[in-house]
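**Student:** pasted the sequence and its predicted model underneath.
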Amino acid sequence: MGGQCAGLSGRLGHHHRDRLSGYGHRTDFVSGKTVIIHTDGACSGNPGPGGWGALLEWNGHEKTLKGGEAETTNNRMELRAAIEALNALKRSSQVELHTDSTYVMKGITEWLPGWKKRGWKTAAKKPVKNADLWQALDEAAARHTIDWRWVKGHSGHEKNDRADELARAGIDEVR
């Protein structure tokens, strides 16, 4: 979908420069060369019907993605949004991915290496919840150089609010 790429103004929250093996380092993230992604997940009941949404912007273009599942959790939808957005990119890219999910942020930037070393077990030797989606996100992220950024949800951040609207529309599709 075409459209004018809005400016990258707005207050950004905390971000994490991904330095995990296999993900690359934050390099020259330049507007126009970098794909800016905003993701969100939503659930009506937890578990219950859920949706995910993603807004992708690059070089003056914009694309929106959304989907849903009849019975899921909010965390699964947050993960699905990031996976689908990264998989929508046709080639290896520089990405700035914004999420309001601390679960996704901590998982991808802190917990994932340990889970992999322990055979997808937590430090308490229990199976990792949502391991199927974490493995899919790990695979999708490995193709790109990603600057992971956290933004506070429902705080007037325009792009995050748009991703939230897409996620809610994803719920409506499965009701």
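**Tutor:** Alright, I've got the coordinates. Numbers count the residues shown, from 1 in each chain.
**Student:** C-alpha from now on. contacts and neighbour counts both.
**Tutor:** OK.
**Student:** ok but residue 69 is inside a strand, no?
**Tutor:** Yes - inclusion of residue 69 in a strand is indicated when DSSP: H, G, I helix; E, B strand; the rest coil is applied.
**Student:** the strands in this protein, which residues?
**Tutor:** For the chain, applying DSSP state E gives strands covering 15-17, 34-43, 48-58, 61-72, 94-99, 145-150.
**Student:** got the buried residues for stretch 158-167?
**Tutor:** Within stretch 158-167, the residues scored as buried using 16 or more other Cα atoms under 10 Å are 159-167.
**Student:** can I get these in a markdown table including distance to residue 52 and pLDDT?
**Tutor:** Formatted as a markdown table, these follow (distance: Cα to Cα, whole Å; pLDDT from 0 to 100):
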| residue | distance to residue 52 | pLDDT |
| --- | --- | --- |
| 159 | 14 | 96 |
| 160 | 12 | 95 |
| 161 | 12 | 96 |
| 162 | 11 | 97 |
| 163 | 8 | 98 |
| 164 | 8 | 97 |
| 165 | 9 | 98 |
| 166 | 7 | 98 |
| 167 | 4 | 98 |
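**Student:** list just the nearest of those to residue 33.
**Tutor:** The nearest member of the buried residues of stretch 158-167 to residue 33, counting by Cα to Cα, is residue 159 at 18.6 Å.
**Student:** give the bridge partners for the closest residue to the closest one other than its chain neighbours, please.
**Tutor:** Using Cα to Cα, 6 or more residues apart in numbering and skipping residues adjacent in sequence, the residue nearest residue 159 is residue 38, 6.4 Å away. With DSSP bridges as the criterion, residue 38 is bridged to residue 55, residue 98.
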